[in-house]
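>>> Show me how the following folds:
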Amino acid sequence: MVARQHPTGQISIAVCDGQAVLRFTGELTADMALLLEERLSDPLLQESSGWVMDMPNLARVDLPCAFALRRAMIRRPATTSVRILNARRVVERTLRHAGAHSASTSFAWTSLPPATVSHGLSLRGSAQRSGTGPSA
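Numbering: from 1, shown residues only. Down below sits the predicted model:
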């Protein structure tokens with residue numbers, strides 16, 4: 001029997017014009033929940049006026065990671081808006097099951113083209129700040 005290998009989930013975080021853009025790829029499995037919470041407590045996120053979670057390349061999110069996202073959204077300042085872009089139906093369902101939509105008064109599901117960002121933070125990387133938009 002051949003074991004199926006799943007792509008590891010990754011998150012990149014960038015701040016552009018005061019908005020934090022979080023890009024998710026692969027699969028966020030239960031064993032990644034603690035690492036995800038650590039990344040979501042990054043000072044870049046706490047200082048931003050809004051979060052844009054870009055999720056078209058996120059194939060699956062396990063419930064512990066969905067709860068980690070919800071906890072991060074609860075801990076952020078109340079004035080921070082949250083938008084989830086292009087989440088697959090299975091990802092959206094898991095996030096709703098975890099109560100992510102109720103964690104914010106300024107929460108929106110959106111199906112728009114993903115934003116482009118020039119700098120970021122990977123799960124194993126370090127933060128880079130960008131005060132201006134993506135360079136052409």
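>>> What ranges does this structure have for its helices?
Secondary structure of the chain (DSSP state H): helices located at 33-40, 43-47, 63-75, 89-98.
>>> What about Met73, how many residues nearby?
When neighbours are counted by other CB atoms under 10 Å, Met73 registers 22. Backbone N, C-alpha and C define where each C-beta goes, glycine included.
>>> I'd guessed it sits against Ile84; true?
No. Counting by CB atoms under 8 Å, Ile84 is not a contact partner of Met73; they are 10.2 Å apart.
>>> So, low pLDDT: which residues of the protein?
Across the chain, residues meeting the criterion (pLDDT under 70) sit at 1-7, 104-107, 111-136.
>>> Most tightly packed of the helices of the chain?
Mean neighbours per residue, mean count of other CB atoms under 10 Å, is largest over those for helix 63-75, with a mean of 20.
>>> For the residue nearest to Thr25 when sequence neighbours are not counted, the count of nearby residues, please.
Taking CB to CB, 6 or more residues apart in numbering as the measure, Thr25 lies nearest to Asn57, with 4.2 Å between them; neighbours along the chain are not counted. Neighbourhood size, Asn57 [other CB under 10 Å]: 15.
>>> From what I see, Asn57 and Leu28 are in contact.
No. Counting by CB under 8 Å, Asn57 sits too far from Leu28 to count as a contact (11.6 Å).
>>> Good, wrapping up.
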